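J.: Please work out how this folds:
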Amino acid sequence: MKSLAALWQVMANELAIQCHTSASRDIKTFTSRSEHEGDAFFTITLPQFAKDFERSLELGYVDSGLFVGFQRRGGPLPLFLGGFLRQVFEPRTGRILEQPSVESIFAVRQLTLVFGKILRPTSVRRERDTIRQYLETDRAVDAANSSIGDEYRERFRRVAALLFRDVFQELDNEIYHGLIHHPSPQGRVIARHGPGATADKLQGNQKWSQLEWTSRLEEYFPFGDHALPNWRYYDQLDDVTVLEPEDEYPARVVLVPKTQKSPRVIAIEPTAVQYMQQALLAPLVELLEGDPIVGCFKTADGRTSSLLGFTDQGPNQDLACEGSREQQLATLDLSEASDRVSTQHVADLVSRWPHLYGALMATRSTKAEVQGHGVIHLSKFASMGSAVCFPVEAMVFLTTVFLGIEDSLKRPVTRGDVKFLRERVRVYGDDIIVPTDFVFHVLKSLEAFGFKVNTSKSFWNGKFRESCGGDFYDGERVTPIRCRRDLPENSEDVQELISLVSFRNQLYYAGLWQTCRALDARLERLLRHFPRVESTSAILGRESFLPLPEAEMVSERTHTPMVKGWVVTSRSPSNMLDGWGALRKCLDPRRVNPFEDPRHLERSGRPDAVGMKLRWRPPF
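T.: Just a heads-up that it's a prediction; the model follows:
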């Protein structure tokens, strides 16, 4: 295959055969429009087609305002992908069939979303629009705060205390005792550095020798307690610069690829701030997951779930699947979720616990450097990129959800209500699941607090649900397999090759075997060694339901069957660390085994390049 267009055609033909229809006219339309509109047709226009399709599933019929830009003839259905659509909607009326074809629903979503999130830079105009929207959203946060009445805010504080008071009290005590008695290595508040970039440009091991702190951090997290190996190195304090609020580094706002329609906005935090954000993140998540009210519990069918999710998206997907089948659970999605959580929201959430509140505010960047706009003061609590952004926003959203439930019940919620609803309510970031009985009051509550519900990705009427990367119709998975990178042209396109192998294996498990064969031909030509392997193998190979072929050789040392193939390699950049910074890193209590990487003081940070080496490895 020479292009993404050729890949789409192979896939369209295979899906048409599976759905007992023809894709010949669809391929002609796709080819013609791709030639005239360029790649934007399948990276922007087709994903919009998918949104209109999902909205039709939600409404139960095809509205005349949907599928703009696609021809119709004698009915509400567009001609493009018409063979599939006619197995989902009645052609003359556009109303959904009593028994729509789930296979065709998957096919439409697969063909329209396969290239929707391909990793490509967006246009300068779209980047400019994204930055403008980021600034407008931050200004809107203040206006939203002023519109919330005192009575509503007091209810928010009460519900937050009902949900999280034990967690907040314990973490508040930890911070207080750390200030009075110095932090204990066995304590929960232990600082550590993340792997990402920082606003002050320190990378890898350099972060462990940081000599800048802020006066706001010093009030709750003294430098000597959290950045030095121990107080024997107190003389290093003479070299430390403590920055006043007006002199602090601003967070650095950058754009990273998301879709060709719009990039994602990320705020890169200063080293000291990010260091202490990590100190709060781990105990906050640990306490929330272990809490008897909002934390992990066993469901009636033996699964593990919780009201809040941070690492496991499975419970959200399970609930979305159940909601699509029983139609008693709604899936809601928020737009610009983290950017609409204000400092006032966080104050109402935790201000009754002064040390925790002060610590969260001390680890928050108050200003950000935005390209083309200079340094701005932030109204939001934190942009995406802050380590504490995810758990804090989840707690704010969960509190707001229960306020909506309280409005629906027309009485204050109790802990008994919370426990009763634990298997029907869940928040994972900006993905929210609630019972459909409460959905309108929950929507009203979210909007009252300034949050923006993404109606194009929220579902509660039909049998379609999506949450945390899992898409379902009537209990059946209809999640599309996405191509994340352009097709590799030669063996030097390592990232593209790795992505294509992953894409190929996902297609295989989705049953698109003819498309896999076409991809196999390309991969065999580029790699030459592309053996059949299991998913646990280190070899970059093709996964299959078929038994593994006979081994090409047997290891003389372990007598293990071996195959020859490509192994992905990466190497952290050179980054020497010595002195008290090296000791601090080696004494980090969160390093389970400080000798696991014997060269961690020589190299650190995210790899700046990824390569492949031809090796003999087990196929399993």
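J.: how far away is the closest residue to Ser408 other than its chain neighbours from Phe402?
T.: Using CB to CB, 6 or more residues apart in numbering and skipping the chain neighbours, the partner closest in space to Ser408 is His441 (4.0 Å). Yep, even glycine has a C-beta here, placed from its N, CA and C like the rest. Distance of His441 to Phe402, computed by CB to CB, to the nearest Å: 11 Å.
J.: And the strands in the stretch 101-250 of the chain?
T.: 212-214, 241-243 (DSSP state E, counting those that start in this stretch).
J.: Need the contact partners of the first one.
T.: Strand 212-214 is contacted from outside by 200, 223, 227, 240-245, 248, 271-273, 362, using CB atoms under 8 Å, 6 or more residues apart in numbering.
J.: Just among those residues, which is most surrounded?
T.: Each of those was scored for neighbours by other CB atoms under 10 Å, and Ala272 scores highest at 31 neighbours.
J.: And the contacts of strand 212-214, which is closest to Leu587?
T.: Within these, proximity to Leu587 (CB to CB) peaks at Ala227, which comes in at 11.9 Å.
J.: can you pull the contacts of the closest residue to the closest one other than its chain neighbours?
T.: Leaving aside its chain neighbours, Ala227 sits nearest to Gln210 (6.6 Å; criterion: CB to CB, 6+ apart). Contact analysis of Gln210 by CB under 8 Å, 6+ apart lists 202, 227, 271-272, 275.
J.: re earlier: quick check, the residue nearest to Ser408 in contact with Val401.
T.: No: checked against CB atoms under 8 Å, the pair His441 and Val401 is beyond contact range at 9.6 Å.
J.: Neighbour count: these two, which is higher?
T.: Val401 (25 against 19).
J.: now the residue lying closest to the more buried one once chain neighbours are set aside, what's its secondary structure?
T.: Distances taken as CB to CB, 6+ apart place Val442 nearest to Val401, at 5.4 Å, with adjacent residues excluded. The assignment at Val442 comes out as helix when based on DSSP: H, G, I helix; E, B strand; the rest coil.
J.: Val442: how many residues sit nearby?
T.: 28.
J.: show me what contacts it?
T.: 332, 400-401, 404-405, 408, 432, 434.
J.: Would you tell me which of the strands of the stretch 101-250 of the chain gets closest to Ala448?
T.: So among the strands of the stretch 101-250 of the chain, strand 212-214 is nearest, using CB to CB, at 34.4 Å.
J.: Turn the strands of the stretch 101-250 of the chain into a markdown table, including distance to Val88.
T.: Shown next, in a markdown table, are the strands of the stretch 101-250 of the chain (distance: least, CB to CB, whole Å):
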| stretch | distance to Val88 |
| --- | --- |
| strand 212-214 | 57 |
| strand 241-243 | 59 |
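J.: Which of those sits closest to Met576?
T.: strand 212-214 (20.0 Å).
J.: any idea how far Val124 lies from Leu255?
T.: Distance from Val124 to Leu255, by CB to CB: 11 Å.
J.: So for those two, which sits in the more crowded spot?
T.: Taking other CB under 10 Å, Val124 and Leu255 do not tie; Leu255 has more neighbours (18 against 8).
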